[in-house]
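**Student:** let's see this in three dimensions:
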Amino acid sequence: MSNLSGFVKRIRDIMRNDAGINGDAQRIEQMAWMLFLKVYDSKEEDWEFKGNYQSIIPEECRWRNWAKDDKSGGAMTSENLLNFVNNTLFPTLKNLEITPQTPMSKAIVKTTFEDANNYMKDGVQLRQVLNEIDELDLGNYEESHAFGEIYESILRELQSAGSSGEFYTPRAVTDFMAKIIDPKVGERMADFACGTGGFLTSWLKQLKEKVKTTHDQIAFDNSIYGIEKKQFPYMLCITNMLLNEIDEPGIYHDNSLLRDVLDYTINDQFDVILMNPPYGGSEKKDVKNHFPDDLASSETADLFMSVIMYRLKEKGRAAVILPDGFLFGTDNAKVAIKKKLLSEFNLHTVIRLPHSVFSPYTSITTNILFFDKTKPTQETWFYRLDMPEGYKNFSKTKPMELEHFQPVFDWWNNRQEIIIDEFDKSKKYSLQDIIDRNYNIDLCGFPHEEEEILAPKELIQQYQEKRSSLNADIDRILGQITNILGIELETKD
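**Tutor:** Here you go, the predicted structure:
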């Protein structure tokens, strides 16, 4: 395709004239199902070339048989096209018959379309969009690779498409975590809330450099596992994996929190877990029933931490993004989770990320916890990554880049304590230090004068977490005092 760089803009300009498209989120979702079918059709050409392949999609619904325009004047358009898409294509793909024996490469078609929608109401403009997408030559290595970069830009647009921004973790962050984790051939990596597949992609990119043999390639192809609760990011993730040459993407449309964590066995565990668990979200009340009473938090990020701990293999490694509330929280559930983490795992490093890394989706400050299942924690290093020189905030036009992590790379293998302007930038704390703080690990944080004013919803959430933590501290200290004095406090009914 000529002018590949203008691909997204051309589609945006067409869709803006369609009365059925309401905002960027719907535009991207509309683009997503068409891109999936185009990419899938290209993969099917490869599979057919290898021989003995039968598509799960009925012939009339395969991209090549309805979406292509051979310029002969016979391509469907206008009302005929809308009628076909709404009354034949979508019902057919939503109701494909699959069984437990259906290969993942085929089953993903149905799961991808289960909750997908066609929003466009103008058949002529729908034809124009289809033509733009069909011009992609995914059989050409250079163009396919270039489109992979374009697809990344589409995923980045989610950050400014309303609440859909939660599905995208900046590529600099996922690449940094994958580099530090250092994938090995033969390892399997999981993300239990994988969104559009950012961590999976970064893992594959790092692992690809180590593939040398056919055996290595087979291990590479089977090295990822993902679960995504929401349909739209699931669709984007599947397409992302196909573009990354994973023919049988082990990605499941499911909710990781709806299984009893005590039921997990060694077969449910992974060598590596890379995640940015959803936080500040809400789940049904009965979700807590899937966790031991002491770990049954009302915060989704806490629940995912428990899932991660139950699903990490012996000697496995993990890197997980968590909000500040997890670090400073001293309510019963958070303390229980941190006790389990420190007593059963080696929490060796916590990287404090600068504010606005996830802007504009959230301004809440986040952290990366690195731990492994090799031994109980004896000591934990904390390192504060400051905002790069010349930056006040990260933004859509000035996002965080991998190079901004260079200070961490430089420090990682040559650790030393650092104090700047009387504030700890890097420091090592013993397990006893952490216990003495009642598991409040809000350490090496940012000086208060650099704090950013949060959006009202996030400010309320943070105040609620701090109030809960403070109440837990007060109850603990009162309990210690009354025990020393040998008295009982009256409780109000």
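**Student:** lowest confidence element among the helices and strands of this structure?
**Tutor:** helix 456-485 (a mean of 66; mean pLDDT, DSSP states H and E).
**Student:** domain-wise, how is this protein divided?
**Tutor:** Per automatic domain parsing, the structural domains of the chain span 4-139, 170-193+256-476.
**Student:** those domains: which one's closest to residue 152?
**Tutor:** domain 170-193+256-476 (6.8 Å; CB to CB). The way it works is simple: take the backbone N, C-alpha and C, and place the C-beta from them, glycine included.
**Student:** list the contacts of residue 376.
**Tutor:** 342-346, 431 (CB atoms under 8 Å, 6 or more residues apart in numbering).
**Student:** let's go with 7 Å and repeat that
**Tutor:** 342-344, 346 (CB atoms under 7 Å, 6 or more residues apart in numbering).
**Student:** report the buried residues of stretch 93-113.
**Tutor:** Buried positions in stretch 93-113, judged by neighbour count with 16 or more other CB atoms under 10 Å: 93, 96, 104-113.
**Student:** quick one: contacts for residue 274?
**Tutor:** Neighbour list for residue 274: 177-178, 181, 189, 191, 199, 203, 319 [criterion: CB under 7 Å, 6+ apart].
**Student:** can you flag the buried ones in the residues you listed?
**Tutor:** Among those, those that count as buried by neighbour count (16+ other CB under 10 Å) are 177-178, 181, 189, 191, 199, 203, 319.
**Student:** just flag the most distant two among these.
**Tutor:** Farthest-apart pair in the buried ones among the contacts of residue 274 is 181 and 191; separation 12.1 Å (CB to CB).
**Student:** quick check: end-to-end length of stretch 115-129?
**Tutor:** Criterion CA to CA, to the nearest Å; first-to-last residue distance in stretch 115-129 is 21 Å.
**Student:** that one - what's its average pLDDT?
**Tutor:** Averaged over stretch 115-129, pLDDT sits at 95.
**Student:** centre of the chain to that stretch, how far?
**Tutor:** Relative to its chain's centre, stretch 115-129 lies at 28 Å (CA atoms, centre = their mean, to the nearest Å).
**Student:** give the buried residues for it.
**Tutor:** Judged by neighbour count using 16+ other CB under 10 Å, the buried positions of stretch 115-129 are 116, 118-120, 122-123, 125-129.
**Student:** for residue 276, state which of these is nearest.
**Tutor:** residue 116 (24.3 Å).
**Student:** residue 447: neighbour count?
**Tutor:** Counted with other CB atoms under 10 Å, the neighbours of residue 447 add up to 12.
**Student:** ok, now which ones touch it?
**Tutor:** residue 423.
**Student:** for residue 419, see how far away it is.
**Tutor:** Residue 447 sits 12 Å away from residue 419, going by CB to CB, to the nearest Å.
**Student:** picking that back up, a markdown table for the buried residues of stretch 93-113, including secondary structure and distance to residue 236?
**Tutor:** Supplementary listing: those in a markdown table, determined by DSSP: H, G, I helix; E, B strand; the rest coil; distance: CB to CB, whole Å:
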| residue | secondary structure | distance to residue 236 |
| --- | --- | --- |
| 93 | helix | 17 |
| 96 | coil | 20 |
| 104 | helix | 17 |
| 105 | helix | 18 |
| 106 | helix | 19 |
| 107 | helix | 17 |
| 108 | helix | 12 |
| 109 | helix | 15 |
| 110 | helix | 17 |
| 111 | helix | 13 |
| 112 | helix | 10 |
| 113 | helix | 13 |
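**Student:** quick check: the two most widely separated of those?
**Tutor:** Distance extremes for these: the farthest pair is 93 and 104 at 16.1 Å, using CB to CB.
**Student:** so which residues of the stretch 201-350 of the chain form helices?
**Tutor:** Assignment of helices within the stretch 201-350 of the chain using DSSP state H, counting those that start in this stretch yields the ranges 214-221, 231-243, 300-310, 324-328, 332-344.
**Student:** which one of those lies nearest to residue 249?
**Tutor:** So among the helices of the stretch 201-350 of the chain, helix 231-243 is nearest, using CB to CB, at 3.7 Å.
**Student:** for the stretch 301-450 of the chain, which segments count as strands?
**Tutor:** Here the stretch 301-450 of the chain has its strands, by DSSP state E, counting those that start in this stretch, at 312-323, 346-352, 366-372, 379-384, 418-420, 423-430.
**Student:** can I get these in CSV with mean pLDDT and distance to residue 438?
**Tutor:** Listed next are these as CSV, based on pLDDT from 0 to 100; distance: least, CB to CB, whole Å:
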stretch, mean pLDDT, distance to residue 438
strand 312-323, 97, 18
strand 346-352, 98, 16
strand 366-372, 97, 18
strand 379-384, 98, 15
strand 418-420, 96, 24
strand 423-430, 97, 13
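**Student:** how about those, which one is nearest residue 149?
**Tutor:** Proximity to residue 149, assessed across the strands of the stretch 301-450 of the chain by CB to CB, is greatest for strand 312-323 (24.0 Å).
**Student:** run through who's touching the closest one.
**Tutor:** With CB under 7 Å, 6+ apart, strand 312-323 has contacts from 177, 180-181, 269-277, 279, 301, 305, 308, 364, 366-374.
**Student:** please identify the buried residues of that strand?
**Tutor:** Across strand 312-323, burial judged by 16+ other CB under 10 Å covers 312-313, 316-323.
**Student:** and the residues you listed, which two are furthest apart?
**Tutor:** Greatest spacing in the buried residues of strand 312-323, by CB to CB: 313 and 323 (26.1 Å).
**Student:** please flag which of the contacts of residue 274 sit within strands.
**Tutor:** Mapping those onto strands (DSSP state E) picks out 189, 191, 319.
**Student:** between the residues you listed, which is nearest residue 410?
**Tutor:** Nearest member of the ones in strands among the contacts of residue 274 to residue 410, counting by CB to CB, is residue 319, at 18.3 Å.
**Student:** from residue 53, how far off is the closest one?
**Tutor:** Counting by CB to CB, the gap from residue 319 to residue 53 is 38 Å.
**Student:** quick check, residue 122 in contact with residue 15.
**Tutor:** No - assessed by CB atoms under 7 Å, residue 122 is found out of contact with residue 15, at 9.5 Å.
**Student:** list the contacts for residue 79?
**Tutor:** Residue 79 is in contact with residue 123, counting by CB under 7 Å, 6+ apart.
**Student:** ugh, wrong one, residue 324
**Tutor:** 364-365, 367, 442.
**Student:** report the buried members of those.
**Tutor:** Buried by 16+ other CB under 10 Å: 364-365, 367, 442, out of these.
**Student:** need the residues you listed in JSON lines (columns: distance to residue 213).
**Tutor:** Formatted as JSON lines, those follow (distance: CB to CB, whole Å):
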{"residue": "364", "distance to residue 213": "44"}
{"residue": "365", "distance to residue 213": "44"}
{"residue": "367", "distance to residue 213": "38"}
{"residue": "442", "distance to residue 213": "47"}
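**Student:** give me the low-pLDDT residue ranges for the stretch 201-350 of the chain?
**Tutor:** Regions of the stretch 201-350 of the chain meeting the criterion pLDDT under 70 cover residues 281-282.
**Student:** ok, now the stretch 1-150 of the chain?
**Tutor:** 1-5.
**Student:** in three-state terms, label the nearest residue to residue 125 once chain neighbours are set aside for me.
**Tutor:** Using CB to CB, 6 or more residues apart in numbering and skipping residues adjacent in sequence, the residue nearest residue 125 is residue 18, 4.9 Å away. Three-state call for residue 18 (DSSP: H, G, I helix; E, B strand; the rest coil): coil.
**Student:** ok, residue 18 - how many residues close by?
**Tutor:** 21.
**Student:** what sits against it?
**Tutor:** By CB under 7 Å, 6+ apart, the contact list for residue 18 reads 120-122, 125.
**Student:** between which two of the residues you listed is the distance greatest?
**Tutor:** Across these, no pair lies farther apart than 121 and 125, at 8.6 Å, counting by CB to CB.
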